[in-house]
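Peer 1: what's the 3D shape of this:
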Amino acid sequence: MRVAAIRTEDITVRQWELLYQQLSETRRRRADGIRSLERHRESIAAGALLESLLRQQGVPEPFSYRASSRGKPYLDGKGAETRLAVHFSVTHTKGLAAVAVGEMPVGVDAERIRPYPVKVAERYFPAAERTDLARGDDAAFYRVWTGKEALAKLMDIPLLEVLRQPEAETENIRRHTWQIEDWIITLCEEKGEMSGEEETCIELLTAGELLL
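Peer 2: Okay, here's the model as predicted:
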């Protein structure tokens, strides 16, 4: 499993141009469909990060993307109808993009720490999850929230279903949470038959490392 993130606030104007130019046509169209300049750039960074990791995994270009009926993206084999045995998940938030690529189904989500929406926690978090929030810990909210978002992406189900789903139903899921400066990033990955208990690490990359 490879998990990597990039700070979008560190990317120069020229680097944005170069990263955009090396994106696949699909990822360019995705970024072009976003009107907000900030979100547009976050999408470029996420796409560049994803496709850099895919190249390192030996996935042949041009990358062929499809989506499930519920919108979960996946890779097709080149010229084939079967999915490649490479799974990925992409996320971006204010100032950061993150990607996970591996051999098992995966979901990743990131949020910048800020004052959390109290009403959301009161409505959707059980008492055990609200314990730290009562102490005014904004990061605690995003550790829980990104976990729920990442799980929804992994399982390819609406977030609302995850909010209602008992923890007992996720015993085959391994979760990792990191804090990088002002961001919380959570990865949910499906356990394989040969999965060990080794710790999954996250890499913080730069735009220069993504440029071809």
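
Peer 1: What are the contacting residues of the lowest-mean-pLDDT helix or strand in the chain?
Peer 2: Using mean pLDDT, DSSP states H and E, the weakest-scoring helix or strand in the chain turns out to be helix 127-130, at a mean of 82. With contact meaning C-beta atoms under 8 Å, 6 or more residues apart in numbering, helix 127-130 is reached by 121-122, 144. (Each C-beta comes from the backbone N, C-alpha and C, glycine too.)

Peer 1: next SSE after that helix?
Peer 2: helix 138-155 (DSSP states H and E).

Peer 1: Check the average confidence over whatever helix or strand comes next after that following helix, would you?
Peer 2: Downstream of helix 138-155, the first helix or strand assigned by DSSP H and E is helix 159-163. Taken as a whole, helix 159-163 has an average pLDDT of 90.

Peer 1: Give me the sheet partners of the next helix or strand after helix 159-163 and which way each runs.
Peer 2: Downstream of helix 159-163, the next assigned helix or strand under DSSP H and E is strand 173-180. Here strand 173-180 has these sheet partners by DSSP bridges: strand 183-190 (antiparallel).

Peer 1: helices or strands next to the next helix or strand after the partner strand in the packing?
Peer 2: Proceeding N to C from strand 183-190, the next assigned helix or strand is strand 202-205, under DSSP H and E. Helices and strands touching strand 202-205, by 3 or more C-beta pairs under 8 Å, 6 or more residues apart in numbering; DSSP states H and E, are strand 2-7, strand 173-180.
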